[in-house]
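Trainee: Build the 3D model from these lines:
(chains A and B)
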Amino acid sequence: MIRHLVIAAGFICCLAAGGEAQTGATPSGIEVAGGAGLFFGGGLGTRDANLRANSVTPTPYRLFTTTTSFGAAPLVEARAAIGLSRRFAVEGRFGFNRPELRTSVSSDAEQGNPITAVERIDHYMVDASVLLFLDRLRWRDLIPFAAAGGGYVRQLHEGHTLVEDGHSYHVGGGVRRRLFVDDRRFVKSAGVRGDARAYLLSSGATVDTKTRARVVVSGALFVGF
Amino acid sequence: MSVTPLRGVILVAAIVGSILSPRPAAAYLNLSVDLRGQTIRLRWNTTPIRWFASDRGVPGVSASDFQMAAARAFATWQAVPTASLAFQFVGFTSAPPFEDDDLSVLGFENRPELERVLGATDFVIDIVTGEIVESDIFFNSAFQWSVAPGGNAAAFDLQSVATHEIGHLLGLGHSALGETELRGEGGRRVLASGAVMFPISFGRGNTADRELQPDDIAGISDLYPASTFRARTGVLRGRVLRNGQPVFGAQVIAFNPATGQSIAGFALGASGDFQIAGLTPGVHVLRVEPLDDADVESFFDRSVDANFAVTFYERLFVAPAGGVGEHVDISVRPK
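Mentor: Numbers count the residues shown, from 1 in each chain, chains lettered A, B, ... in the order given. I've put the predicted structure just below:
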């Protein structure tokens, strides 16, 4: 866990070293955003169903093999950010998606039918990020930013029979563009943003103890107050 | 309470049917009796379970060796953290096993006519409550036995077979979690096993059955649950069907990819019902196979439906942490 945080912090610092004075890129007050995107799935591991072979030395006898993965799934998310300086902001995010948990079964010792058994998981993510705005790299009205942080993952199995939870760490970035700015109004700004993040997920629904990487891309509309 | 002896004999790889009634098995096959129209699981209601060792040894195994090997086997069951069990060795006795003497005796008997039976367990039960009040185990001295720590390639491992028989003494039946092949000279050879309570021994020199497997642990924990067992494990209930009709005697295996553990049960209800308890919370792959890896008489007193192919359930089953998961209906493929 500490190693992941160090990596995330290092990423932010490297980018910060190249930053310079901002020109209204960061949220000036509170900014909220809502959007949608895609949670990319990925493998969760392979495990054999083994019996004990009839051998004096312990030897596994494979009854069948399983390979488990998360499928890709659309997601919805909501964010709230507060500007800390001309360069930094902090942001909280809530995301929800419903990926399929798939276990492919093969190589049955008695010619059982290969099959992919599935269930649907309600996948909630709550995380916090530090955002670094890179106004120096602005291209036209698009302002890039980098983000890193950590959070909590909660997975609710189908039928609401079991809850599993874990932690997440992420790094990523994106671009944003303000479409409207007026400091005299209650709604002071509005715009669009796109994000791409790599998440490291520990625990949760898995078949081993490895930390797995997942990618999330999303787009959102934001409004500043 | 009056105790009326009712004897039934359980033999390794042989008859259990005389006292066994078909019913949904919980994570295992529990021995049961029908009393006054009710099916009652056989179990001890009083602990510690007191046992005696026969004072007769056999070549290569003294009475003291025998007692120590049996004590290690009892200790293996007592060490299951999710079960509440206790045993007490009382002493040596000249009484042979299988006598109605209110003593639970383990010892050797020379039974050469039982040419494929390594050991057997019998019970005296209270026919009012189903409580086991006495249980004896004999080990067939027609075979060569060993108590060597690493086993003896020319002899059967006493501790391994004792661990199996003590499972019966506690009320467990046979598990079907294993694979066999027919031998040319008759009988079956075990290819693999996933439970100490599989009815056929691994063979000479093999000591693997000294160690309980998840299927054994689930079975004994379901029968003698420790205080936290029910709250920390989940139960699977469902039916096995073929063309909408119940399949009797199908074996259901629940495999947890996260732990690598397999626990099995049988569809023994009138509607093809089965129940498997003691599942670690999480997702499970369900596999149904016909009971064709041992003599059916080792399990039940009636024939089973084995006319279907190995079938996997198309959904993942999620075992909750305490309680029963969603009901599943598994439709098997015809052969």
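
Trainee: can you tell me the helix or strand for residue 186?
Mentor: Using chain A. For A:F186, there is no helix or strand it lies in under DSSP states H and E.

Trainee: go on, B:T163?
Mentor: Assigned by DSSP H and E, B:T163 belongs to helix B:158-169.

Trainee: again with A:R62
Mentor: strand A:60-70.

Trainee: That strand near chain B at all?
Mentor: Yes - Strand A:60-70 lies within reach of chain B by C-beta under 8 Å from any C-beta of the partner chain, at A:Y61, A:L63, A:F64, A:T66, A:T68. For every residue, glycine as well, the C-beta is placed using N, CA and C.

Trainee: what about that strand, average pLDDT?
Mentor: Summarised as a single mean, pLDDT over strand A:60-70 is 95.

Trainee: so where's the chain uncertain?
Mentor: Just going to use chain A. Residue ranges of chain A with pLDDT under 70: A:1-25, A:203-209.

Trainee: you looked at the wrong chain, it should be chain B
Mentor: Within chain B, the ranges that satisfy pLDDT under 70 run B:1-30, B:294, B:296-302.

Trainee: Mind doing that once more with 80?
Mentor: Low-confidence segments of chain B, defined by pLDDT under 80, are located at B:1-40, B:127-128, B:130, B:185-187, B:293-303.

Trainee: any chance you could map the helices in it?
Mentor: Assigned helices in chain B, in chain order: B:63-78, B:158-169, B:214-223, B:229-232 (criterion: DSSP state H).

Trainee: Quick one: residues in contact with the shortest one.
Mentor: Contacts of helix B:229-232 from elsewhere in the structure, counted by C-beta atoms under 8 Å, 6 or more residues apart in numbering or on different chains, are B:T82, B:A83, B:S221, B:D222, B:G278, B:P281, B:A321, B:G322.

Trainee: Out of those residues, grab the one that's most surrounded.
Mentor: Greatest neighbour count in the contacts of helix B:229-232, by other C-beta atoms under 10 Å in any protein chain shown, goes to B:G278: 30 neighbours.

Trainee: tell me the contacts of that one?
Mentor: Taking C-beta under 8 Å, 6+ apart, we find B:G278 in contact with B:A27, B:T82, B:I217, B:A218, B:G219, B:S221, B:D222, B:F229, B:T233, B:I263.

Trainee: which of these sit farthest apart?
Mentor: Pairwise distances across the contacts of B:G278 peak at 13.3 Å for B:F229 and B:I263 (criterion: C-beta to C-beta).

Trainee: who has more neighbours, these two?
Mentor: The neighbour comparison of B:F229 against B:I263 (other C-beta under 10 Å) goes to B:I263, with 32 against 20.

Trainee: For that one, give the beta-bridge partners.
Mentor: With beta bridges defined as DSSP bridges, B:I263 has these partners: B:A254.

Trainee: Surely it and B:A218 touch.
Mentor: Yes - using C-beta atoms under 8 Å, B:I263 is in contact with B:A218, at 4.6 Å.

Trainee: So which residues on chain A come close to chain B?
Mentor: Residues of chain A lying close to chain B (C-beta under 8 Å from any C-beta) are A:45, A:47-56, A:58, A:61, A:63-64, A:66, A:68, A:101, A:103, A:105, A:108-113, A:115, A:117-119, A:157-159, A:161-162, A:164, A:205-208.

Trainee: In strands, which of those fall?
Mentor: Within those, residues falling in strands by DSSP state E are A:45, A:47-53, A:61, A:63-64, A:66, A:68, A:101, A:103, A:105, A:115, A:117-119, A:164.

Trainee: For PyMOL, write a command that selects the buried ones of the residues you listed.
Mentor: To isolate the buried ones among these in PyMOL, judged by 16 or more other C-beta atoms under 10 Å in any protein chain shown, type:
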select buried, chain A and resi 45+47+48+49+50+51+52+53+61+63+64+66+68+101+103+105+115+117+119+164
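
Trainee: distance from the centroid: which residue in the chain tops it?
Mentor: Using chain A here. Distance from the C-alpha centroid of chain A, by C-alpha atoms, centre = their mean, peaks at A:V56 (47.6 Å).

Trainee: my bad, chain B
Mentor: Farthest-out residue of chain B from its mean C-alpha position, per C-alpha atoms, centre = their mean: B:N243, at 31.1 Å.

Trainee: sorry, back to before: return the member of the contacts of helix B:229-232 nearest to B:D65.
Mentor: The closest of the contacts of helix B:229-232, once distances to B:D65 are taken by C-beta to C-beta, is B:A83, at 27.1 Å.

Trainee: before we move on, back to that, okay if I get the helices of chain B as a markdown table plus distance to B:S201?
Mentor: Formatted as a markdown table, the helices of chain B follow (distance: least, C-beta to C-beta, whole Å):
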| stretch | distance to B:S201 |
| --- | --- |
| helix B:63-78 | 14 |
| helix B:158-169 | 7 |
| helix B:214-223 | 15 |
| helix B:229-232 | 29 |
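
Trainee: can you pull the buried residues of stretch B:232-247?
Mentor: For stretch B:232-247, using 16+ other C-beta under 10 Å, the buried residues are B:T233, B:G234, B:V235, B:L236, B:R237, B:G238, B:R239, B:V240, B:L241, B:R242, B:P246, B:V247.

Trainee: show me the contacts for B:P320.
Mentor: The contact partners of B:P320, taken as C-beta under 8 Å, 6+ apart, are A:T161, A:L162, B:G234, B:P281.

Trainee: Just the strands from the stretch 151-300 of chain B, written as ranges.
Mentor: In the stretch 151-300 of chain B, the segments counted as strands under DSSP state E, counting those that start in this stretch are B:156-157, B:178-182, B:188-193, B:234-242, B:245-246, B:251-256, B:261-266, B:273-279, B:282-289.

Trainee: Throw those into TSV and include distance to B:L316, thanks.
Mentor: Converted to TSV, these look like this (distance: least, C-beta to C-beta, whole Å):
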stretch	distance to B:L316
strand B:156-157	38
strand B:178-182	24
strand B:188-193	24
strand B:234-242	12
strand B:245-246	23
strand B:251-256	10
strand B:261-266	15
strand B:273-279	13
strand B:282-289	5
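
Trainee: Please identify the most buried of those strands.
Mentor: Mean neighbours per residue, mean count of other C-beta atoms under 10 Å in any protein chain shown, is largest over the strands of the stretch 151-300 of chain B for strand B:261-266, with a mean of 28.

Trainee: Let me see the contact set for the residue of the stretch 151-300 of chain B found nearest chain A.
Mentor: Using C-beta to the nearest C-beta, the single residue of the stretch 151-300 of chain B nearest to chain A is B:A192, 3.4 Å away. By C-beta under 8 Å, 6+ apart, the contact set of B:A192 is A:L51, A:R52, A:A53, A:N54, A:Y61, A:L63, B:G178, B:E179.

Trainee: Swap in 6 Å and give it another go.
Mentor: A:L51, A:A53, A:Y61, B:E179 (C-beta atoms under 6 Å, 6 or more residues apart in numbering or on different chains).

Trainee: Just confirm the first one contacts B:G194, I think it does.
Mentor: Yes - with contact defined as C-beta atoms under 6 Å, A:L51 reaches B:G194; the gap is 4.3 Å.

Trainee: Name whatever forms a beta bridge with the residue of the stretch 151-300 of chain B closest to chain A.
Mentor: A:A53, B:E179.
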